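*Asks:* build me a model from this:
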Amino acid sequence: MPLLLNFIIGFLAALVGVIPPGLLNMSAAKISMKEGRKNGLLFSVGVCITVILQTYVALLLARYLDMNPEIVDLLQEVALGIFICITIYFFFIAKDTRREIPEDVKKSKTNRLFSGMLLALINLLPLPYWVYISITFAGFGWFKFTQPELWMAVFASGLGTFVMLALYVQFFKRKEQKKESRINMNYIIGAITAIISVITAFKLFRNVF
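*Replies:* So this is what the prediction gives:
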């Protein structure tokens, strides 16, 4: 059961983390449109390799923090404030950007696998993201840091990332052909941070009472 829970949490967290348009998923979509789906998927595999390494490092750090509850409580309190502010910003302040695919993504002379790995390497957001996700769910007893479960979460994070990137590669061109139907991604980001805020608040209040 712990293996299954770690897989589900790892997969869904990775899937949700790649939903908002960003450099990696938009680049994968652009490469697919310009160079074909094969290169887009190859780029996505490269991204996932780096994400797997980043997730492993983040979970090792999270395991250390999990052994120091006083640090975890402080981090969760700070994170709650940050996520509430982010939620308010994306729901009520941020403009409707509805971002386009970046036009400056050029065809690399190197293999798309390595370009995906390198581009993902400059994106450090997975590190604090996975530290927070794993510690939060570990607090509910749903996530384990023992070796088999940890590797299962690492594998699931790579799989979840690839699935979402593959969806961008597969369906974004169709979406671009119907621009009027595109939704404001600010609301999706705001909803995600709102859910995380509720989970964090519940966890903190449960510890208090």
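*Asks:* going along the chain, name the strands of the protein.
*Replies:* Here the chain has no strands by DSSP state E.
*Asks:* in it, which spans are helices?
*Replies:* Ranges of helices within the chain are 2-17, 23-35, 37-66, 69-88, 112-121, 126-139, 147-176, 185-208, based on DSSP state H.
*Asks:* contacting residues around the closest residue to residue 3 other than its chain neighbours?
*Replies:* Among residues not flanking residue 3 along the chain, residue 152 sits closest, at 5.1 Å (CB to CB, 6 or more residues apart in numbering). For glycine as for every other residue, the C-beta is placed from the backbone atoms N, C-alpha and C. When contacts are counted by CB atoms under 8 Å, 6 or more residues apart in numbering, residue 152 touches 3, 6, 7, 10.
*Asks:* read off the pLDDT value for residue 152.
*Replies:* Residue 152 carries a pLDDT value of 96.
*Asks:* same question for the one 10 residues further on.
*Replies:* The confidence metric pLDDT takes the value 95 at residue 162.
*Asks:* so what's the nearest residue to it once chain neighbours are set aside up against?
*Replies:* Spatially, and ignoring its direct neighbours in sequence, residue 162 is nearest to residue 48 (4.6 Å; CB to CB, 6+ apart). Counting by CB under 8 Å, 6+ apart, residue 48 makes contact with 116, 158, 159, 161, 162, 165.
*Asks:* if we go to 10 Å?
*Replies:* Taking CB atoms under 10 Å, 6 or more residues apart in numbering, we find residue 48 in contact with 14, 24, 55, 116-117, 120, 157-163, 165-166.
*Asks:* need the worst-confidence member of the residues you listed.
*Replies:* Lowest pLDDT among the contacts of residue 48: residue 24, 86.
*Asks:* any idea how far residue 49 is from it?
*Replies:* 12 Å (CB to CB, to the nearest Å).
*Asks:* spit out the residues that contact those two alike.
*Replies:* When contacts are counted by CB under 10 Å, 6+ apart, residue 24 and residue 49 have 116, 120, 161 as shared neighbours.
*Asks:* quick one: the second one and residue 126 touch, right?
*Replies:* Yes: counting by CB atoms under 10 Å, a contact exists between residue 120 and residue 126, whose distance comes to 8.4 Å.
*Asks:* need the residues touching each of those two.
*Replies:* With CB under 10 Å, 6+ apart as the test, residue 120 and residue 126 both reach 50, 51, 52, 53, 54, 161.
*Asks:* for burial, what's the neighbour tally of the fourth one?
*Replies:* Here the count is done by other CB atoms under 10 Å, and residue 53 has 16 residues near it.
*Asks:* for the last one, same thing?
*Replies:* Residues near residue 161, counting by other CB under 10 Å, number 30.
*Asks:* who's in contact with it?
*Replies:* Residue 161 sits next to 10-11, 13-15, 17-18, 24-25, 44-45, 47-52, 55, 120, 126 when contact means CB under 10 Å, 6+ apart.
*Asks:* perfect, that will be all.
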